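Participant: Here is the input, now give the coordinates:
(chains A and B)
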Amino acid sequence: MPSIFELRDISYDYDGVPALRELSLDLARGERVALVGANGSGKSTLLRMLDALCFPARGTLSFDAQLISAARLQDDAVALAFRRRVGLVFQNPDVQLFNPTVFDEVAFAPLQLGWPKQKLMAKIEETLQLMGIAHLRERPPYRLSGGEKKRVALASVIVLDPEVLLLDEPTATLDPRSQSQIIDLIQGWKGSSKTVITATHQLEILEDIADRVVVLEEGRVSATGTPAEIMTNRELLLRANLVHAHRHTHGSVTHSHPHMHSHSEHEH
Amino acid sequence: MSRNLLQSTMIGFGRRLTRTMLSEKIAREHGLLQSLDPRVRVVGLLALVLAVTLSRKISVVAALLAIAIVLALSSKVSPVTLAKRVWLIALGFTGVIALPALFVTPGRAIASLGSLSITEQGLRTATLLVLRVETAVTLTTLLMLCTPWAQVLKALRVLHLPKEAVTMLAMSYRYIFLLVETAGQMFESRISRTVGGLPRAEQRRMTTRTAGVLLSKSVALGNDVYLAMESRGFRGDIQVLSDFRMRSLDYVVLLLFLVAAAAAVWMGR
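Facilitator: This is a model prediction of the structure:
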């Protein structure tokens, strides 16, 4: 399958603190990829770079065989064409929800891209229905629950029907029902032409949301594989801080073994 | 100053602000103002506010206050609500400014308090000042109580106010809750980790540090919000959608508002 993103030897730092180090990665068109890694491993920075919100200090980033750089994105036509095709859902929905009402929030991106009113209204309505938030349309986003905010944030991006969806921790801090709704949505894109890149450290949802998993450690790709391959590599998971040795007691016997957390269950 | 007065004030202010500004109960009532197009409400009530500030006669400003009260009653805003939210507070603030005018304005003395004389002109000036403030604040409060903030912003945009100004207003309103909430949580977190009293100098230092952290957080939030806007196609010029529709009643009421404002300016000159 042809690559939609090609990253070659990319480095990026925040005021001297490295976030990505000589990272190389190909992302195929239509692929569902999960980026996993501990906090600070570079997942969010990588997603922002894929959305052209920051640019490599060293190395090259290409989208659909075209080089992406700050200079190229200065061109309005190039920038709007890119924004039309790639959408990012931020980890913190409060960052993303800056409009007075849910309706305005969903309408924001199509309006900036100059969609005709009729098409815009129809698409907003369809998206509100799809995300189950039609009843919230006149509500201000700051009065919504965490799960509702996430759904509105997602709606505000998928209203454009972008070819590439970048999701930063889409299920983090959500209750099990809200998590399940988001996972169902990502599962629904399986087999479609949509490329879905999801950053997460919730290993228990990998099988559902990804065909391929990329493990990040200290800003580098340390492994790639299918969810099953990654999940069975305990040494890798321990090294990448995705699981930890957990000591606990069964009656009078105390023992320890690798352990992972989820919001909905507690599994060994 | 009590030990945690500043913290309590900050937390209380945040909660009160959120409760007051988020309360849209009155805006959902079926009253006169609520039934009008938001643009009519914004233009009409602001025209009356302008007339209040331009009128120099007490009788004219009093008539405008009477109009404001009639509008309030027909929009299901009780005088008790207005008295608590507007009149007493405005009287307190304006009274401090108006009081000296009673004595220092030159003119015919009509009463005396010891060596101080209240002049007729002073009384008139103080009354006009208080009435003007009470009326203007009543009218703007009616606008805010009867119109959800989102509609006020949309009306301002549709009325061709600079988009940048309206966007800044919208974002300030949107994020002030988040920052006030964060400030409240920071104070509460500190209270939960503080045993016994702290010297006042230390309290001041901690408060300054908290303000600094809050500023850093607001700068980071501002940067992230800009990136989120850019990610969704923002190129420096916000596009907006207008879905307001004017009916016959809206045109009639708008005309009445403008005629009343123009008449008040002419009669009060």
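
Participant: Please report how far A:Leu166 lies from B:Pro148.
Facilitator: The spacing between A:Leu166 and B:Pro148, counted by Cβ to Cβ, to the nearest Å, is 33 Å. (Glycine included, C-beta is placed from N, CA and C.)

Participant: More neighbours: which of those two?
Facilitator: Shown here are A:Leu166 and B:Pro148; by other Cβ atoms under 10 Å in any protein chain shown, A:Leu166 has more neighbours (26 against 19).

Participant: mind checking the SS state of the more buried one?
Facilitator: strand (DSSP: H, G, I helix; E, B strand; the rest coil).

Participant: residues in the stretch 51-200 of chain A within reach of chain B, list them.
Facilitator: Applying Cβ under 8 Å from any Cβ of the partner chain, one finds that the stretch 51-200 of chain A approaches chain B through A:51, A:53, A:76, A:79-80, A:83-84, A:87-88, A:90, A:92, A:94-96, A:98-101, A:104, A:107-109, A:111-114, A:117, A:120, A:138, A:140-143, A:156-157, A:160.

Participant: Please convert the buried members of those into ChimeraX selection syntax.
Facilitator: Buried residues within these, by 16 or more other Cβ atoms under 10 Å in any protein chain shown, are selected in ChimeraX with:
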select /A:51,53,79,83,84,87,88,90,92,94,95,96,98,99,100,101,104,107,108,109,111,112,113,120,140,141,142,156,157,160
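
Participant: Compute the inter-axis angle for the helix or strand containing A:Gly59 and strand A:164-168.
Facilitator: Assigned by DSSP states H and E, A:Gly59 belongs to strand A:58-63. Going by axes from the mean of the first three to the mean of the last three Cα atoms, to 10 degrees, strand A:58-63 is angled at 130 degrees with respect to strand A:164-168.

Participant: Could you list the paired strands of strand A:58-63 along with their orientation?
Facilitator: If you go by DSSP bridges, strand A:58-63 pairs up with strand A:3-14 (antiparallel), strand A:66-67 (antiparallel).

Participant: if you compare these, which one is most tucked away?
Facilitator: strand A:3-14 (a mean of 18; mean count of other Cβ atoms under 10 Å in any protein chain shown).

Participant: pLDDT of that strand, averaged?
Facilitator: Strand A:3-14 comes out with an average pLDDT of 95.

Participant: Can I get it as PDB, trimmed to CA atoms?
Facilitator: The C-alpha coordinates for strand A:3-14 follow below in PDB (Å, rounded to 0.1, in the frame of the first residue of the first chain):
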ATOM      1  CA  SER A   3       2.600   5.700   2.000                       C
ATOM      2  CA  ILE A   4       0.600   8.700   2.900                       C
ATOM      3  CA  PHE A   5       3.200  10.000   5.400                       C
ATOM      4  CA  GLU A   6       6.900   9.400   5.100                       C
ATOM      5  CA  LEU A   7       9.100  10.600   8.000                       C
ATOM      6  CA  ARG A   8      12.900  10.400   7.600                       C
ATOM      7  CA  ASP A   9      15.400  10.900  10.500                       C
ATOM      8  CA  ILE A  10      13.100  13.500  12.200                       C
ATOM      9  CA  SER A  11      14.300  15.300  15.300                       C
ATOM     10  CA  TYR A  12      12.500  17.900  17.300                       C
ATOM     11  CA  ASP A  13      13.000  19.400  20.700                       C
ATOM     12  CA  TYR A  14      11.300  21.800  23.100                       C
END
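
Participant: can you list contacts of it?
Facilitator: With Cβ atoms under 8 Å, 6 or more residues apart in numbering or on different chains as the test, strand A:3-14 has contacts from A:18-29, A:45, A:49-50, A:54, A:56-65, A:163-164, A:195, A:219.

Participant: Could you pull out the helices in the stretch 151-269 of chain B for me?
Facilitator: For the stretch 151-269 of chain B, the helices defined by DSSP state H, counting those that start in this stretch cover B:163-192, B:200-231, B:248-267.

Participant: Over to chain A?
Facilitator: Applying DSSP state H to chain A gives helices spanning A:43-50, A:70-73, A:76-85, A:93-96, A:102-112, A:117-130, A:146-158, A:176-188, A:206-209, A:227-231, A:234-239.

Participant: Quick one: the ones you listed as JSON lines, columns for mean pLDDT too.
Facilitator: Listed next are the helices of chain A as JSON lines, based on pLDDT from 0 to 100:
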{"stretch": "helix A:43-50", "mean pLDDT": "95"}
{"stretch": "helix A:70-73", "mean pLDDT": "92"}
{"stretch": "helix A:76-85", "mean pLDDT": "93"}
{"stretch": "helix A:93-96", "mean pLDDT": "88"}
{"stretch": "helix A:102-112", "mean pLDDT": "91"}
{"stretch": "helix A:117-130", "mean pLDDT": "93"}
{"stretch": "helix A:146-158", "mean pLDDT": "92"}
{"stretch": "helix A:176-188", "mean pLDDT": "87"}
{"stretch": "helix A:206-209", "mean pLDDT": "91"}
{"stretch": "helix A:227-231", "mean pLDDT": "91"}
{"stretch": "helix A:234-239", "mean pLDDT": "85"}
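
Participant: Switch the ones you listed over to TSV; also include distance to B:Ala136.
Facilitator: Below are those laid out as TSV (distance: least, Cβ to Cβ, whole Å):
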stretch	distance to B:Ala136
helix A:43-50	47
helix A:70-73	47
helix A:76-85	43
helix A:93-96	34
helix A:102-112	29
helix A:117-130	37
helix A:146-158	37
helix A:176-188	46
helix A:206-209	56
helix A:227-231	64
helix A:234-239	65
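
Participant: Which one, of the ones you listed, ends up nearest to B:Ser59?
Facilitator: helix A:102-112 (43.8 Å; Cβ to Cβ).

Participant: What helices and strands are in contact with the closest one?
Facilitator: helix A:76-85, helix A:117-130, helix A:146-158 (3 or more Cβ pairs under 8 Å, 6 or more residues apart in numbering or on different chains; DSSP states H and E).

Participant: How much space separates A:Asn39 from A:Glu22?
Facilitator: 21 Å.

Participant: Looking at the two, which one has more neighbours?
Facilitator: Looking at A:Asn39 and A:Glu22 with other Cβ under 10 Å, you find the greater number of neighbours at A:Glu22, namely 14 against 8.

Participant: then stretch A:231-246 to CSV, C-alphas only?
Facilitator: Output in CSV follows, covering the C-alpha atoms of stretch A:231-246 (Å, rounded to 0.1, in the frame of the first residue of the first chain):
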residue,chain,number,x,y,z
MET,A,231,1.0,-7.4,23.3
THR,A,232,2.9,-10.7,23.6
ASN,A,233,6.3,-9.1,23.8
ARG,A,234,6.4,-8.6,27.6
GLU,A,235,10.1,-7.6,27.6
LEU,A,236,9.3,-4.7,25.1
LEU,A,237,6.3,-3.6,27.1
LEU,A,238,8.2,-3.6,30.4
ARG,A,239,11.1,-1.7,28.8
ALA,A,240,8.8,0.9,27.2
ASN,A,241,7.0,1.4,30.6
LEU,A,242,3.7,0.2,29.2
VAL,A,243,3.4,-2.4,31.9
HIS,A,244,5.0,-2.7,35.3
ALA,A,245,5.8,-5.4,37.8
HIS,A,246,2.9,-5.5,40.2
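
Participant: picking up where we left off before, quick one, the strand holding A:Gly59 and helix A:43-50 angle?
Facilitator: Using the same axes, to 10 degrees: strand A:58-63 against helix A:43-50 is 60 degrees.

Participant: Ok, which of the helices of chain A comes nearest B:Leu82?
Facilitator: Closest approach to B:Leu82 among the helices of chain A is made by helix A:102-112 (30.2 Å; Cβ to Cβ).

Participant: what angle separates the closest one from helix A:146-158?
Facilitator: 20 degrees.

Participant: before we move on, back to that, tell me the most buried of the helices and strands packed on helix A:102-112?
Facilitator: Greatest burial across the helices and strands packed on helix A:102-112, using mean count of other Cβ under 10 Å, falls to helix A:146-158, with a mean of 23.

Participant: what distance separates that helix from the centre of its chain?
Facilitator: 13 Å (Cα atoms, centre = their mean, to the nearest Å).
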